[in-house]
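A.B. asks: predicted coordinates and the sequence they were generated for:
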Amino acid sequence: MKAAVYSETGGPEVFRYLEVPDPEVGPGAVLVRNEFISIEGGDVLSRAGGDLGRTPHIVGYQSAGTVEAVGDAVTSFVPGDRVVTLAMDGSHAELRAVPEGFAWKIPEGLSTDDAATVPVPFGTAHDALFEFGRLTEGETVLVTAGSGGVGVAAIQLAKRAGARVLTTASTSEKLARLIELGADDGIAYRDENIAVGVRRLTGGRGVDLVVENVGGATFTDALSSLAYRGRCVSVGEVGRGDATVAQLSMMRERNLTVVGYFMGMEMLVARRCHAMVAGVLDAMAAGELRAVIDRRFALAEAAEAHAWIESGVTVGRVLLVP
C-alpha cells in the first residue's frame, strides 16, 4: 500500500510518500481501505515531536472507508461495511487495521467524508461538555480554539444542549463562521484578552464551564474566565508553547474545578465511550450536527496538508484522500 511516512519528527517536510507493507489483520481486527483521512490536532503534534512507534512511521488517529477483511473473532462487521476508525497511529495510508472496538458503522444518510471527522473531535467535545464538564441547560460555556475540530464540535453540542456558547478565534472573520454554527458571542483574541472579553460578555460573572484546547497563557485566561465554582476541562495544548501550569491558589479562592481529558485513555478503559460516539454519528446522520470540512488534499500531499493546518487559517477539519 501507499502511505505518507516519516523516519524522524519535524516540520511537514519530513513526510515521504512510499510503498510500505500492508497491515496485518489479527483475529479481532478489521482491515479498512481508507477513503478519507481526517488530520487531527494530535497528528500534527506527533509529527512535529512525538514518539516513533516504528520506522518509517505512519501517523494518524482517524479515518473512514470500507471494510476489506475481518479477523476470525470479529462479529460486528463484514466486508463492504462503511466504517470510521480510530487508533493511536496508522491513518495516513491506503489501508489500516484496527481492533473491532475502535471502529463504528457509518449510519445510512451520513456520507463517508463527514463521518471521517467525528470520533476524536466530537467524542472529545461530548465528554468534555457532559461526562466531565457536567454541562446543564441554561449554563454558559466558553470554547477556546473554536475553529478547530474539537471547537467546532463543542460549539454545536453545547448549543444543542441549551447552553449559551462563547468562543474564541484569531479573527472576527473566523468568529462570524462560528456564530453560524451556533456560538452566541465570540472573542477575537488578537484584539482582546480572553478573560476580559468573557467578563464583558457575561456582565462580570464569568462562565460556568470552559472547554480548553490551547494551553499555556490561554489556559490561565480560561481559569480567570470562570464564575464561582466553575469547571475547566483541558483537552489539549494546540498552542505548542510552554507546558500548562495551573495555579492552585487561583483555583482555591473561587472553588474552581480543573479536569484533564484524553479520549484515547477513555476508549481503552470505558466501554461507554463507543456508544457515545455512535450516538453522535446518528445525530449527524439525522442532520442535528454538521461536519465542517475546510479543505481536501491527496494523501501524497500530506506535507502540504499539515502545513496548511499549521498556517492557522483553517476552520474545521482537513481531509486526506488516498
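C.D. replies: That came in fine, so what should we check first?
A.B. asks: surely V20 touches Y6?
C.D. replies: No - with contact defined as C-beta atoms under 8 Å, V20 does not count as touching Y6 (11.8 Å). Yep, even glycine has a C-beta here, placed from its N, CA and C like the rest.
A.B. asks: intersection of neighbour lists for those two?
C.D. replies: The contact sets of V20 and Y6 overlap at P56 (C-beta atoms under 8 Å, 6 or more residues apart in numbering).
A.B. asks: between the two, tell me which one has more neighbours.
C.D. replies: Ranked by neighbour count (other C-beta atoms under 10 Å), V20 and Y6 place Y6 first, with 23 against 16.
A.B. asks: what's near enough to touch the more buried one?
C.D. replies: By C-beta under 8 Å, 6+ apart, the neighbours of Y6 are V14, F15, R16, R47, P56, H57, V59.
A.B. asks: which of those tops the neighbour count?
C.D. replies: V59 (29 neighbours).
A.B. asks: show the backbone phi and psi for it.
C.D. replies: Here is the backbone geometry of V59 (degrees, to the nearest 10): phi -80, psi 170.
A.B. asks: roughly how far apart are it and A145?
C.D. replies: Distance, V59 to A145, using C-beta to C-beta, to the nearest Å: 21 Å.
A.B. asks: cool, and V313?
C.D. replies: Distance from V313 to A145, by C-beta to C-beta: 14 Å.
A.B. asks: for E13, same thing?
C.D. replies: Going from E13 to A145 by C-beta to C-beta gives 25 Å.
A.B. asks: counting neighbours, go ahead and name the busier of the two.
C.D. replies: Neighbours were counted for E13 and for A145 using other C-beta under 10 Å; A145 has more, 26 against 10.
A.B. asks: which SSE is the more buried one in?
C.D. replies: Using DSSP states H and E, A145 sits within no helix or strand.
A.B. asks: quick revisit: filter the contacts of Y6 down to just the ones in strands.
C.D. replies: R16 (DSSP state E).
A.B. asks: with distance to A283 added, can I get the contacts of Y6 in JSON lines?
C.D. replies: Shown next, in JSON lines, are the contacts of Y6 (distance: C-beta to C-beta, whole Å):
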{"residue": "V14", "distance to A283": "37"}
{"residue": "F15", "distance to A283": "34"}
{"residue": "R16", "distance to A283": "39"}
{"residue": "R47", "distance to A283": "31"}
{"residue": "P56", "distance to A283": "38"}
{"residue": "H57", "distance to A283": "34"}
{"residue": "V59", "distance to A283": "29"}
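A.B. asks: for the residue most central in space within the chain, which three-state class applies?
C.D. replies: What sits nearest the mean C-alpha location of the chain, by C-alpha atoms, centre = their mean, is P121, with 2.6 Å. At P121 the chain is in helix, as set by DSSP: H, G, I helix; E, B strand; the rest coil.
A.B. asks: for the lengthiest strand in the chain, what is the distance to the chain centroid?
C.D. replies: The single longest strand within the chain, with elements called by DSSP E, is strand 29-39. Relative to the chain's own centre, strand 29-39 is displaced by 17 Å; criterion: C-alpha atoms, centre = their mean, to the nearest Å.
A.B. asks: what helices and strands are in contact with it?
C.D. replies: strand 62-70, strand 82-86, strand 95-99, helix 112-115, helix 302-310, strand 317-321 (3 or more C-beta pairs under 8 Å, 6 or more residues apart in numbering; DSSP states H and E).
A.B. asks: let's see it at 6 Å
C.D. replies: Identification of packing neighbours for strand 29-39 by 3 or more C-beta pairs under 6 Å, 6 or more residues apart in numbering; DSSP states H and E yields strand 62-70, strand 95-99, helix 112-115, strand 317-321.
A.B. asks: run a quick neighbour tally on K105.
C.D. replies: K105, neighbours per other C-beta under 10 Å, totals 15.
A.B. asks: could you check how far it is from V67?
C.D. replies: Going from K105 to V67 by C-beta to C-beta gives 9 Å.
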